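*Asks:* with the input below, show me the fold.
(2 chains, ligands or ions: 2)
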Amino acid sequence: MTDLAPISPFDASPSAVARIARRAPVDWTGIAFLTGLAVVILLPLVVTAVWAFAEVWRFPAIVPQRMGLGYWQETLSRHDVWQALWLSLSITTTVTVISAAICFPAAYAFARLDFPGRNMLFLAFLSVQAFPKFGLIIATATIFLTLHLIGTFWGVVLIQLVGTLLYMIWIPVSAFQGVDRRLEEAARDVGASPMRVFWSITLPQALPTLFAAILITFVNTFYETDAAWLIGLPNVRTMPMVMISFINNALEVQYGAVLFVFLWVPSFLLMLAARRVMGADAFAKGFGG
Amino acid sequence: MAQVRLTGIAKAFGKVTALDAMDLVIDDGELVCLLGPSGSGKSTLLRVIGGFETPSEGTIAIDGVDVTHLPPERRPTAMVFQSHALWSHMTVHGNIAFGLKLRRLPRTEIRERVEKVLDLVGLAGYGARLPSQLSGGQQQRVALARSLVIEPKILLLDEPFASLDQHLRERLRDEVRDIQQRLGITAVFVTHGQDEALAISDRIVVLADGRMQQVGRPGEIYAEPKTAFVAGFIGAMNMLDGTLAEGEVVAGGLRLAAEGAGPARLAIRPEDIALTEPEDGRTVTVRRMIDFGSHVVIDSALADGTHLRIQTDKTIRVEAGERVGIHVEQWTVFRDGEAPSRYRSDTVRPFREVRRYA
Ligand SMILES: Nc1ncnc2c1ncn2[C@@H]1O[C@H](COP(=O)(O)OP(=O)(O)OP(=O)(O)O)[C@@H](O)[C@H]1O
Ligand SMILES: [Mg+2]
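*Replies:* Ligands and ions are numbered 1, 2, ... in the order given. Reported below is the predicted structural model:
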């Protein structure tokens, strides 16, 4: 921005002029990349969104022949949709809260304390993610069968909890590691106890990145299907499962599209809000950036 | 009254000995600079005093009370960190008030004290800003205010202004000196800038390799360095390797009177060398003349090529390649394991009609 400020006569040295001239050329590579990304990411989104409002849309037409809210009425008036949405929200919230309660203190310990076996334990936590996921779920399912957890709310919560460990440990570890030790020392110095330092300095400093971890976990858990399917059915039907059965039963794109827009809009708004609150670098920091 | 007494302090990090055999008393109201090269243990010593490191050996007493095992929050010390270490999620006011809130002071008093200390560091009216909205110099002032507001008995500063430009650094260190004098608190200031140390301290502690080399007033350390290390570290100095024999020290073709025998190091300050007309055995070849305006520095070579730095009057002009005579007015000879011996020659010789001592 300083480059755009008026240049005083003393400042208008040849080098300053050259600096402005060098900025002028259009960045074609950047534009090409952006266009490519837009086509790949946005086009499917836009097409799906249009489908949600299309009542008739046959092949050669570029825009739908008839638009309307018919499919919306039909979908949103169904009892099982709302039930699944409510169930999904409660499972996801439960998983996220429990995961945070287990993982955040563990992450703090990994980041700050030096105890024997620290690296081994950390690896063990992360290695859960290295197993072929489906195999792990099957194995868990057989154990759950004997524990009568199949088809129960808590069964689904437990299996999904395992899936959240990676992000809920990894991101918070770097969040806590990213808090400068001298900030904590400065607080000790003016009289704060170690506990007080944690609540007043370390936690607030790490909070934006912890939020990012929570958000990622919430969204990932909400849309998780494999584990929810195997452990949850037949009694526990989460939102994505209802979506899938819609698409399987009625070969009409609109049902899926309506649910897609219905679910995508809130999570997108959530992301936007989170970005505004935390700033983009919270996500970057979480991945050690 | 705030006196710090260090007795036999040592600190080891694994195999690295960061501090060794430190005995030091810092008096009430004194500003002591810890000066030394990188890795000499300055920060470690400061952190030991502040309670951030526990010494491996020895004790620390503040006002006669043993604080060796007290955590930082229970010591009457306050530290200003090099990287300011301000809490970015709090405003300037929040940063400064934090320590006061912990002391459960009434709100109105907190506000008054924060405003007073902001005034003291020249930042009145900045309370509502976030640290990120301040310049580097202002951030350091806030850090200073945050330490001062809790009225510590001892202020610890670890290269607080190292990241600032020279002008700002000079201004801030003078302000720190001024504030320290006004409040009458004891201060320990870590720096590796010798100008800084010479300019503001009551006493200087020179450290090297975790050991105290010398403790003394600035002028004393400059004029009477106790070891070759201190001589070379403080101020500009020509350090020449030489040999003592028959009442003379010979180094790089230069001969000066000195007692003793064996290898020795000859130390001569550039300003202790005067120019004379060329004379046998005391001639150097000018390599370069640097005009600083207030004085002139001549980089010259002795007979065997050893560099010799000469500082002389601003009116003197010499050419590269020119041969000039020198007259050494003061020199010091260091020998391993012995106290240094200092010599001076009192004759003043004219050089091209310009007399150094007019
Ligand atoms: N936490 C630590 N762990 C291991 N070694 C350390 C630690 N802190 C300091 N040291 C070592 O102790 C020695 C003294 O370090 P210190 O930081 O006190 O030096 P310093 O004089 O402050 O240097 P600088 O001017 O670079 O800040 C160094 O050799 C350093 O490597
Ligand atoms: Mg240091």
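*Asks:* what about the longest helix in the chain?
*Replies:* If you meant another chain, say so; for now it's chain A. helix A:79-112 (DSSP state H).
*Asks:* that answer is for a different chain, and I need it for chain B
*Replies:* Ranked by residue count under DSSP H, the longest helix found in chain B is helix B:166-183.
*Asks:* helices or strands next to whatever helix or strand comes next after that helix in the packing?
*Replies:* Toward the C-terminus, helix B:166-183 is succeeded by strand B:186-191 as the next helix or strand (DSSP states H and E). Strand B:186-191 makes packing contacts with strand B:31-35, helix B:42-50, strand B:154-158, helix B:166-183, helix B:194-200 when contacts are defined by 3 or more CB pairs under 8 Å, 6 or more residues apart in numbering or on different chains; DSSP states H and E. No exception for glycine: its C-beta is placed from N, CA and C like everyone else's.
*Asks:* quick one, the longest helix of chain B and strand B:154-158 angle?
*Replies:* 170 degrees (axes from the mean of the first three to the mean of the last three CA atoms, to 10 degrees).
*Asks:* tell me the mean pLDDT for helix B:166-183?
*Replies:* Averaged over helix B:166-183, pLDDT sits at 89.
*Asks:* give me the contact list for it.
*Replies:* Here helix B:166-183 makes contact (CB atoms under 8 Å, 6 or more residues apart in numbering or on different chains) with B:31, B:120-122, B:136-137, B:140-141, B:144, B:148, B:155, B:157, B:160-162, B:164, B:187, B:189, B:193, B:196, B:199-200.
*Asks:* what about stretch B:84-99, near chain A?
*Replies:* Yes - Stretch B:84-99 is in contact with chain A by CB under 8 Å from any CB of the partner chain, via B:A85, B:L86, B:W87, B:S88, B:H89, B:F98, B:G99.
*Asks:* count of neighbours near whichever residue of the stretch 151-289 of chain A sits closest to ligand 1?
*Replies:* Closest approach between the stretch 151-289 of chain A and ligand 1, counting by CB to the nearest ligand atom: A:R181, at 10.0 Å. A:R181: 12 surrounding residues under other CB atoms under 10 Å in any protein chain shown.
*Asks:* and the gap between it and A:T202?
*Replies:* 10 Å (CB to CB, to the nearest Å).
*Asks:* same deal with B:A245?
*Replies:* From B:A245 to A:T202 the distance is 66 Å (CB to CB).
*Asks:* more neighbours: which of those two?
*Replies:* Ranked by neighbour count (other CB under 10 Å), B:A245 and A:T202 place A:T202 first, with 21 against 13.
*Asks:* so is the more buried one in a helix, a strand, or just coil?
*Replies:* Following DSSP: H, G, I helix; E, B strand; the rest coil, we place A:T202 in the helix state.
*Asks:* now the contacts of helix B:166-183: which count as buried?
*Replies:* Among the contacts of helix B:166-183, those classed as buried by 16 or more other CB atoms under 10 Å in any protein chain shown are B:31, B:120-121, B:137, B:140-141, B:144, B:148, B:155, B:157, B:160-161, B:164, B:187, B:189, B:193, B:196, B:200.
*Asks:* quick one on the thing from earlier: identify the farthest-apart pair in the residues of stretch B:84-99 next to chain A.
*Replies:* Using CB to CB, the residues of stretch B:84-99 next to chain A span at most 17.1 Å, a distance reached by B:S88 and B:G99.
*Asks:* the two: which is more packed in?
*Replies:* B:G99 (25 against 12).
*Asks:* over to that one. Which of the three states is it?
*Replies:* helix.
*Asks:* orientation of the longest helix of chain B relative to strand B:31-35 in degrees?
*Replies:* Using the same axes, to 10 degrees: helix B:166-183 against strand B:31-35 is 140 degrees.
*Asks:* got the CA positions of helix B:166-183 in PDB?
*Replies:* Backbone C-alpha positions of helix B:166-183 (Å, rounded to 0.1, in the frame of the first residue of the first chain) are rendered in PDB as follows:
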ATOM      1  CA  GLN B 166      20.800   2.900  16.500                       C
ATOM      2  CA  HIS B 167      19.200   6.300  17.100                       C
ATOM      3  CA  LEU B 168      16.200   4.800  18.800                       C
ATOM      4  CA  ARG B 169      18.400   2.500  20.800                       C
ATOM      5  CA  GLU B 170      20.500   5.400  22.100                       C
ATOM      6  CA  ARG B 171      17.400   7.400  23.000                       C
ATOM      7  CA  LEU B 172      15.700   4.500  24.800                       C
ATOM      8  CA  ARG B 173      18.700   3.500  26.800                       C
ATOM      9  CA  ASP B 174      19.100   7.000  28.000                       C
ATOM     10  CA  GLU B 175      15.500   7.000  28.900                       C
ATOM     11  CA  VAL B 176      15.900   3.800  30.800                       C
ATOM     12  CA  ARG B 177      18.900   5.200  32.700                       C
ATOM     13  CA  ASP B 178      16.800   8.300  33.400                       C
ATOM     14  CA  ILE B 179      13.800   6.400  34.700                       C
ATOM     15  CA  GLN B 180      16.000   4.000  36.700                       C
ATOM     16  CA  GLN B 181      17.700   7.000  38.400                       C
ATOM     17  CA  ARG B 182      14.400   8.700  39.100                       C
ATOM     18  CA  LEU B 183      12.800   5.600  40.600                       C
END
